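S.K.: pasting the structure only:
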């Protein structure tokens, strides 16, 4: 392993799925090997102060971006930090905590790519961009169940935040190496995480695995469950890999093998039969489900984190 930690950035708007992705990657690598940090802890004002000032948590002026950048620089060199703590449950700040970086550091939040100094600290940068209608459903569900809001309060807050989302959050997409969009099939309105498709924008800022060898052209009546095509994202050419929620285990295993064979240091992380822990999520009634698009996304991000060790 390297002398310094490998740092992954996961940025996206509120309720875009950042914490879910962070938790999954942490489980794959092992909690003992990962330090996870949320940049919401760097808010400048608590919930009451934000309401009094008429500022949202998405605005750069509402966050100590200078301290966040300084802490990222320290973590990159393997040094510990004294990190602030913001409680979403109470809307107030708690006592700071001593954080020592492990082999991998995952930094997730709203404004992680907002300064050049911060961007330079990451080895891999991911941006989550679900459709706005789906993100709204996720946010209402999360904030009403876990943060004590009513549905009307959540929707009102989203409307208030929209100008800052447009101005400060979404433009950070341009800095990502990998843009991840989970979305429901056109024929299904159910946003159940186990059935979502995924669209992965693969920017040429980092080398990606060669998926062309396993892709099939499909038929005249049906598109293949796994597709690779050329496209443009924010005006620049990119490769786009799409995996449908109905992709079979065999199709996903083929993709896993391409990724694992391309990076020898993934041995032990992958297996010939696929890693059974990849893509596991908890259903609405507590049951364990598996999403193959999520499994592939986790594996591809892990691939880039491990590849970064040798670069």
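M.R.: Cool, the structure landed. As the structure is a prediction and not an experimental result, all values here were calculated from the model. Numbering: from 1, shown residues only.

S.K.: can you check the distance spanned by stretch 241-259, start to finish?
M.R.: Length of stretch 241-259, first residue to last, CA to CA, to the nearest Å: 13 Å.

S.K.: cool, and stretch 211-226?
M.R.: OK, stretch 211-226 end separation, CA to CA: 10 Å.

S.K.: and the host helix or strand of residue 82, what does it pack against?
M.R.: Assigned by DSSP states H and E, residue 82 falls within strand 81-87. Strand 81-87 sits against helix 65-76, strand 92-99, with contacts defined as 3 or more CB pairs under 8 Å, 6 or more residues apart in numbering; DSSP states H and E. To be clear about C-beta, it is placed using only N, CA and C from the backbone, and glycine gets the same treatment.

S.K.: neighbouring contacts of that strand?
M.R.: The contact list for strand 81-87, computed with CB atoms under 8 Å, 6 or more residues apart in numbering, reads 37, 40-43, 46, 64, 67, 71, 74-75, 92-99.

S.K.: circling back to that earlier point, and the helices and strands packed on strand 81-87: which comes nearest residue 207?
M.R.: Checking these against residue 207 by CB to CB gives helix 65-76 as the closest, at 21.2 Å.

S.K.: and that closest one, what does it pack onto?
M.R.: In terms of contacts (3+ CB pairs under 8 Å, 6+ apart), helix 65-76 is packed against strand 6-12, strand 81-87, helix 116-119.

S.K.: now the second one: buried residues?
M.R.: For strand 81-87, burial by neighbour count (16 or more other CB atoms under 10 Å) applies to 81, 83, 84, 86.

S.K.: residue 295 contacts residue 252, correct?
M.R.: Yes: if you go by CB atoms under 8 Å, residue 295 and residue 252 touch, sitting 6.2 Å apart.

S.K.: these two - which one has more neighbours?
M.R.: residue 295 (28 against 23; other CB atoms under 10 Å).

S.K.: in which helix or strand does the more buried one reside?
M.R.: Assessed by DSSP H and E, residue 295 sits inside helix 292-307.

S.K.: determine the angle, from 0 to 180 degrees, between that helix and strand 6-12.
M.R.: 140 degrees (axes from the mean of the first three to the mean of the last three CA atoms, to 10 degrees).

S.K.: for the chain, which residues score under the pLDDT cut-off?
M.R.: Applying pLDDT under 70 to the chain flags residues 1-2, 187-194, 214-222, 263-277, 281-287.

S.K.: tell me where it has strands.
M.R.: Remark: strands assigned in the chain by DSSP state E are 6-12, 34-38, 81-87, 92-99, 104-109, 124-128, 178-183, 197-202, 226-233, 236-243, 280-282, 288-290.

S.K.: still on that earlier bit, Throw the helices and strands packed on helix 65-76 into JSON lines and include distance to residue 25, thanks.
M.R.: Converted to JSON lines, the helices and strands packed on helix 65-76 look like this (distance: least, CB to CB, whole Å):
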{"stretch": "strand 6-12", "distance to residue 25": "7"}
{"stretch": "strand 81-87", "distance to residue 25": "20"}
{"stretch": "helix 116-119", "distance to residue 25": "20"}
